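Participant: give me a 3D structure for the following:
(chains A and B)
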Amino acid sequence: MSTKVQSAFISEEQLKRNFAEVKAGMRPKEAIEESNRCLYCYDAPCIKACPTGINIPSFIKKIASDNMLGSARAIMDANPVGATCSRVCPTEELCEGACVLNHSSKPIMIGDLQRYATDWAIRNEQVLFAAGRSNGMTAAIIGGGPAGLSAARELARFGFAVTIFEAKEQAGGLDTYGIVSFRLPQSISLWEAEQVKQLGVDIRTNTKVGVDISAEQLMDQFDAVVLAIGMSKVPMLGIEGESLKGVYDAIDFVEATKTGLSAKFAGKKVAVIGAGNTAIDAATCSVRLGADDVKIVYRRTSAEMTAYDFEFEFAKQDGVAFKWLTAPTRIVAGQNGEVKALECVEMRLEADESDGRARPVPVEGSAFLMEVDVVIKAIGQTRHLPLIGQLGLAHKRGVVTVDPETYQTSNPRVYAAGDVIVGEGQQGEAMVVSAAQQGKLAAYSIYNSLCARRERYG
Amino acid sequence: MADLSINLAGIKSPNPFWLASAPPTNTGYQVQRAFEAGWGGAVWKTLGDPIINTSSRFAAVHFNGQRVAGFNNIELITDRPLEVNLKEIYETKKRFPNHALVVSLMVEPKREKWHEIVKKVEAIGVDGLELNFGCPHGMAERGMGSASGQQPDLVEAQTMWAKEAAQTPVIVKLTPNITDITATAKAAARGGADAISLINTINSLAGVDIDTWNTIPHVAGKGAHGGYCGPAVKPIALNMVAECARNPQVGIPISGIGGVSNWRDAVEFLLMGATGVQVCTAAMHHGFSIVEDMIDGLNNYLDGKGLASVTELIGKSVQRFSDWGDLDLNYAVVARIEKDNCIVCNKCHIACEDASHQCIERHTDENGVAYLKVREEDCVGCNLCSIVCPVEDAITMVEVPSSEMPMSWNQRQKAISALGGSKDDAGGSNKKEAV
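Facilitator: Numbers count the residues shown, from 1 in each chain, chains lettered A, B, ... in the order given. Here you go, the predicted model:
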């Protein structure tokens, strides 16, 4: 057990500093040097590596020529959440990983340049796009996250009257509520939502479909519907003690840090269960809230964890400890119903013939107690099954089935995009940038199906 | 969205960005690709004969890791028969009726030769002609290109011959390989040219290979001077454009050429009196798609300035380009160093110490932190420190009030002469060129 003296106090100022954006934006000289280093490749691989197909050499050339408005527009044209993506995209796996300069020097810092251009647009209060002339059609978007905003923006540019139904107080979805502030300040995501709103999109916040308006009403009132509801809460661990005071859902926990910072974690010992990117977020947020000791508890090893390498590195630098091959079996209560300890068991990996992924099995007699004050669950997310049911859509365990080309669901008037269609072997990896692209493509399909047909037949 | 269209001496173009007569405008395939990419016009690579060339033609000057600061070529005019070019020009114009398609011409300095080529080319339908009096190599040996472009009387005569036959506007392309560009510009105007375009390339040798001792480029171990262009020549071109623009005896529209690489360069040429610009090296370096940012950047710039048309830029800075003798000798600026932005590289200090007036002092504050300070009373306002300074907003040149009335050299000499000063002194002041 750690015998280090615990500090149970953290000042408000310190909290603010801890949650301020970690990475500074490029300075003008850096941006000029870096943008002039870009080769302006023809048929550039970075464009192909970007899920939204941003014309990267073009926006970089525009920074070099001091056409900042044009640069920001080139980015946001292809990606309606391009300011967010400049901060959260795993660029070394996407655009920067594809940069041809990897073979001869160092890749261009595409993400940082993208942030430089979009920051300029934010700072200069630019409105980048205009709505199309009304085509008399209406579209409802359920969920105002990246996929929903992206679909809404494109539909508005096509001339649709678009309404977004957003359950939360503000639009932006995970970008507003789920990505830690020190990576993505809320203001960035809200600016992107504002850009969409400025096209005349009606964003109805605090409005939950299925509660405030029924799925049926929606289907009656709108020509097309885009389902972009993302995912729901973290599932239950299925162990004793999950309802104790001090047990948190990682999504709710991160959201709380986006809307206000509390000092109640100061000096606490925290165990985060799971090793995906959300687990890393929960762990690093805990550190920044002043927790004294933060551990990630994972039943497999670093080789199997789903967090990005740069996230793993980031957590280690924040002082997060990793307990590999460890599975929780019980949350132990203290005298007042608070969390006192986490009972765990050691695991070992066994080759699994069926899906190839090593299967963790408990090591007999290895149970031990980990003294903790807080347990944060980050073992994935459940699905919004009730709403999917109300809409009557085909799905596989809550992952809505879509035509991979058109994003049309089993109901031809309902399209789906974003995390709600990712999983169960569909659509690859869940990323903000893919959600944005799916939203865009769903909008194009709606346009093609409703407007192109009308144009064809008058 | 501003109106980007221009009208250069009757040649209309949807935007001011043309491809110059050069390798990118050699064929219909290329020019059509360029128009698809957004170029507003193109000057077809010079027609003429005979068809000869060298292998190994281009060379570039790279500067500290940036490629193609300057570009050098020894390529000649078109490498295809006239009939083939005419056919493709016809097809291109048919496909792109609203783009400016100008054809560059070069023939022997004979009246009938000019009549013949002008008639042949105009018969297929073009928007204008550009007379190539500038090519500095290959053709000059046969009395064409810059060989004729360096003699004002030949420029005038040939322009006249072309104009005798021409129905479309005639642009005369000038060589910079001459002491005073306005001499040939005026000759072109006297010959009836509708416009001039400048500059053509500057005589150059791109380099010498220090291992093999060959010239760069070389043809079987031998080299010859080529023509220099690209970003490095822009200041030379801009000066020549400005000199022509402010000379009332030139007085015809200008198509600006020389190192235009982006929309900003184009704006500078327009402000200095060009109606449009021609581009070559940048397109050779990056492909035709660069015009997209040229158009977009220019549009955003005009919107930002609240200008409805690009033509509102033309010549706006010409009146500010004057003679040295008209500059106010009592105007003064001094350098100021913003400590917060200074990174203390000391480059300004050593530049001033070794190459200017020894007025940037090095100090250390009470915390032991080094900083630099200008001794303003000794600063002559040369700008050198702000030029070598590698960071933004660290050194600014600030105007300081003068106790004297504004006074230029010419005004000073006039005043002295009015007071009965030396006549020799006064006489040398502002002798405008004798015409």
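
Participant: all contacts plus neighbour counts: C-alpha atoms, from now on.
Facilitator: Noted.

Participant: residues contacting residue A:179?
Facilitator: Contact analysis of residue A:179 by C-alpha atoms under 8 Å, 6 or more residues apart in numbering or on different chains lists A:254, A:281.

Participant: how close does it get to chain B?
Facilitator: Counting by C-alpha to the nearest C-alpha, to the nearest Å, the separation of residue A:179 from chain B is 34 Å.

Participant: ok, now how distant is that residue from residue A:185?
Facilitator: According to C-alpha to C-alpha, to the nearest Å, residue A:179 and residue A:185 sit 8 Å apart.

Participant: now the residue of chain B found nearest chain A: closest residue in space that isn't a chain neighbour?
Facilitator: For chain B, the residue closest to chain A is residue B:297, as judged by C-alpha to the nearest C-alpha, at 5.1 Å. Once flanking residues are discounted, residue B:297 sits nearest to residue A:67: 5.1 Å by C-alpha to C-alpha, 6 or more residues apart in numbering or on different chains.

Participant: does residue 24 sit in a helix, a strand or a coil?
Facilitator: Since you didn't name a chain, this refers to chain A. With DSSP: H, G, I helix; E, B strand; the rest coil as the basis, residue A:24 sits in coil.

Participant: should've been chain B
Facilitator: With three-state DSSP as the basis, residue B:24 sits in helix.

Participant: ok, the residue nearest to residue B:297 - contacts?
Facilitator: Counting by C-alpha under 8 Å, 6+ apart, residue A:67 touches B:293, B:296-297, B:300-301.

Participant: repeat that for residue B:67.
Facilitator: If you count contacts by C-alpha under 8 Å, 6+ apart, residue B:67 has them with B:60-61.

Participant: which element is it on?
Facilitator: Following DSSP states H and E, one finds residue B:67 within strand B:66-73.

Participant: any idea how far that strand is from the chain center?
Facilitator: Its chain's C-alpha centre lies 15 Å from the corresponding centre of strand B:66-73 when counted by C-alpha atoms, centre = their mean, to the nearest Å.

Participant: next helix or strand past that strand?
Facilitator: Downstream of strand B:66-73 (by DSSP H and E), the next one is helix B:82-95.

Participant: what sits up against that next one?
Facilitator: With C-alpha under 8 Å, 6+ apart, helix B:82-95 has contacts from B:27-28, B:31-32, B:47-48, B:99, B:101, B:121, B:124-126.

Participant: could you pull up the mean pLDDT of that helix?
Facilitator: Averaged across helix B:82-95, pLDDT comes to 97.

Participant: show the buried residues in the contacts of helix B:82-95.
Facilitator: Burial by neighbour count, 16 or more other C-alpha atoms under 10 Å in any protein chain shown: within the contacts of helix B:82-95 this picks out B:27-28, B:31-32, B:47-48, B:99, B:101, B:121, B:125-126.

Participant: which of those sits closest to residue A:79?
Facilitator: Nearest to residue A:79, judged by C-alpha to C-alpha, of the buried ones among the contacts of helix B:82-95 is residue B:32 at 30.7 Å.

Participant: so who does the closest one touch?
Facilitator: The neighbours of residue B:32, taking C-alpha under 8 Å, 6+ apart as the test, are B:92, B:96.

Participant: buried ones in the host helix or strand of it?
Facilitator: Secondary structure assigned from DSSP H and E places residue B:32 in helix B:28-37. Of the residues in helix B:28-37, B:28, B:30-35 count as buried by neighbour count, 16+ other C-alpha under 10 Å.

Participant: tell me the mean pLDDT for the helix or strand just after it?
Facilitator: With elements assigned by DSSP H and E, the helix or strand that comes after helix B:28-37 is strand B:41-47. Across strand B:41-47, the average pLDDT comes to 97.

Participant: what's the helix or strand just after strand B:41-47 in contact with?
Facilitator: Along the chain past strand B:41-47, the next helix or strand (assigned with DSSP H and E) turns out to be strand B:58-63. The contact list for strand B:58-63 (C-alpha under 8 Å, 6+ apart) reads B:67-75, B:206-207, B:216-217.

Participant: mind listing what's buried in the helix or strand residue A:189 falls within?
Facilitator: Using DSSP H and E, residue A:189 maps to helix A:186-197. Of the residues in helix A:186-197, A:186, A:188-197 count as buried by neighbour count, 16+ other C-alpha under 10 Å.

Participant: cool, and stretch B:41-51?
Facilitator: Of all the residues in stretch B:41-51, those buried under the rule 16+ other C-alpha under 10 Å are B:41-49.

Participant: same deal with stretch A:89-103?
Facilitator: Within stretch A:89-103, the residues that count as buried by 16+ other C-alpha under 10 Å are A:89-91, A:94-100.

Participant: hmm, who's touching it?
Facilitator: For stretch A:89-103, contacts defined as C-alpha under 8 Å, 6+ apart pick out A:45-50, A:107-111, A:308, A:431-433.

Participant: no more questions from me, cheers.
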